[in-house]
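# Here's a sequence, model it:
(chains A and B)
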Amino acid sequence: MAPIWPRQIFRDLKAAGVRQVAYVPDAGHRELIRLCQSDPGIHAVSLTTEEEGIAMLAGAWLGGDRGVLLMQSSGVGNCINMLSLNQECRIPLLTLITMRGEWGEFNPWQVPMGQSTAAVLQLAGARVYRADAVAEIAETVRAAAKLAFDSSCIVAVLIGQRVIGTKDFTK
Amino acid sequence: MNASRRSADKMRLDRRAAVARFLRRRSNELVITGLGSPSFDVAAAGDSPLNFYLWGAMGAAAMAGLGLALAQPKRRVLVITGDGEMLMALGSLATIGCEKPDNLSIVVLDNERYGETGMQPSHSGRGTDLAAVAQAAGFPKTYTIWTENEIDDLAKQVFTSRGLVFATIKVSADPGPVCLPPRDGAYLRSRFREALLGPDAHT
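Presented below is the predicted three-dimensional model:
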């Protein structure tokens, strides 16, 4: 059964007026991506690499559209120079990041980026929120969206691997 | 096109004249420029609040154009950038080729060099055919342009009909006289949004 929190996030993103959703496919965001793809009021755009989404959503905001970037923690490192666009131009960015490389990770290759995700984002000018329980996710995303769009900030919500569950490669 | 004409830089189009000629037909189109000389070329052709000049974020131009085109489906969006900036974001051509917005044109001013960093040769002069990359990524209309007449044809295409367009204009390595547009990002974004969205820019 699909978890409930992606549907809550989807409802809140719609309420915040989000019309463009950029994503690199990710298992943790699978249900949210599916909901966005099936909504005729949302342009859901699959990217080849995460920094494309930073630029796309900057263009969207210049044109009056709000957007959100969905990615996994491994994609954060791809975005760092591109975030200079948001910092220099004070262009809002809301990004929802599913964490790998922390809670019970099986794949050691995910650990380096997972361990540095929050610090790297902060050094690049982002405000970083975390949600480590299902009950925290929706309100955290709502607060992040408000901060991003009302105060023209870069805001990242990290959704902990404890919530998403650890991928089991042996099954 | 014969080989000697291809290789003789002095036979190439002057980039300032080429951009000015292309933009003669512009009315209210939205323009995003890639960092370096393309920003200076577009500014030299005439500053406008509807020009958004990138001075950094190399590789952003095409995707910023996509987001803007999706947000403003009734307006025409032009991305004018350089070969080095486009080469950094070849993946974005795959993304845009899938989305196929019919109000977006990407124009690459291709001097086959990294002009800001010492004129080192770029991949586009060493075998990478950018228009062929765009075509392979699904762009329905792609052009490589060498002459003024071809610029006029491109302008007619871009400014009078819809469709996703990619064009490379082969230009000389001469950067032209200094012409620097404003570079304060917050100013550029605010004047762009106010010109495009009016009072809604501030909600």
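# Would you map the helices across the chain?
You didn't say which chain, so I picked chain A. Applying DSSP state H to chain A gives helices spanning A:5-15, A:30-37, A:50-62, A:83-89, A:111-123, A:134-151, A:161-164.
# was after chain B, sorry
So, for chain B - with DSSP H - the helices run B:3-7, B:15-23, B:37-44, B:61-71, B:83-87, B:90-99, B:130-136, B:148-160, B:185-197.
# what's the spacing between the third one and its chain's center?
The chain centroid and the centroid of helix B:37-44 are separated by 10 Å, computed with Cα atoms, centre = their mean, to the nearest Å.
# got a markdown table for the helices of chain A, with mean neighbour count and mean pLDDT too?
Any C-beta I mention is one placed from the backbone N, CA and C, and that applies to glycine too. Output for the helices of chain A, formatted as a markdown table (neighbours: other Cβ atoms under 10 Å in any protein chain shown; pLDDT from 0 to 100):
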| stretch | mean neighbour count | mean pLDDT |
| --- | --- | --- |
| helix A:5-15 | 18 | 97 |
| helix A:30-37 | 19 | 97 |
| helix A:50-62 | 29 | 98 |
| helix A:83-89 | 22 | 98 |
| helix A:111-123 | 16 | 97 |
| helix A:134-151 | 18 | 97 |
| helix A:161-164 | 19 | 92 |
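# okay if I get these as a markdown table plus distance to chain B?
Shown next, in a markdown table, are these (distance: least, Cβ to the nearest Cβ, whole Å):
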| stretch | distance to chain B |
| --- | --- |
| helix A:5-15 | 16 |
| helix A:30-37 | 13 |
| helix A:50-62 | 3 |
| helix A:83-89 | 4 |
| helix A:111-123 | 17 |
| helix A:134-151 | 10 |
| helix A:161-164 | 26 |
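# thinking again about what came up before, just the helices of chain B: most buried one?
The highest mean neighbour count among these, using mean count of other Cβ atoms under 10 Å in any protein chain shown, belongs to helix B:61-71: a mean of 29.
# Could I get the CA-only coordinates of it as CSV?
Output in CSV follows, covering the C-alpha atoms of helix B:61-71 (Å, rounded to 0.1, in the frame of the first residue of the first chain):
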residue,chain,number,x,y,z
ALA,B,61,20.2,28.9,-19.9
ALA,B,62,18.3,26.2,-21.8
MET,B,63,16.5,24.9,-18.8
ALA,B,64,15.6,28.3,-17.5
GLY,B,65,14.1,28.8,-21.0
LEU,B,66,12.0,25.6,-20.6
GLY,B,67,10.6,26.6,-17.2
LEU,B,68,9.8,30.1,-18.5
ALA,B,69,8.2,28.7,-21.7
LEU,B,70,6.0,26.3,-19.6
ALA,B,71,5.0,29.1,-17.3
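# tell me the angle that helix makes with helix B:90-99.
Relative orientation of helix B:61-71 versus helix B:90-99 (axes from the mean of the first three to the mean of the last three Cα atoms, to 10 degrees): 20 degrees.
# returning to what we had before: I'd like to know which of the helices of chain B lies nearest to residue A:140.
Closest of these to residue A:140 is helix B:61-71, at 24.9 Å (criterion: Cβ to Cβ).
# in chain B, which residue is closest to the centre?
Chain B has residue B:80 as the residue nearest its centroid, 1.3 Å off, counting by Cα atoms, centre = their mean.
# Export stretch B:111-123 to PDB, keeping only CA atoms.
Extracted C-alpha coordinates of stretch B:111-123, given in PDB (Å, rounded to 0.1, in the frame of the first residue of the first chain):
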ATOM      1  CA  ASN B 111      32.500  30.700 -32.000                       C
ATOM      2  CA  GLU B 112      34.000  27.200 -31.300                       C
ATOM      3  CA  ARG B 113      35.900  28.700 -28.400                       C
ATOM      4  CA  TYR B 114      35.800  29.500 -24.700                       C
ATOM      5  CA  GLY B 115      36.000  33.200 -25.300                       C
ATOM      6  CA  GLU B 116      36.100  34.400 -21.700                       C
ATOM      7  CA  THR B 117      38.900  32.200 -20.600                       C
ATOM      8  CA  GLY B 118      41.600  32.600 -23.300                       C
ATOM      9  CA  MET B 119      39.900  31.400 -26.500                       C
ATOM     10  CA  GLN B 120      40.600  27.700 -25.900                       C
ATOM     11  CA  PRO B 121      39.000  25.600 -28.600                       C
ATOM     12  CA  SER B 122      35.600  24.100 -27.700                       C
ATOM     13  CA  HIS B 123      34.100  20.700 -28.600                       C
END
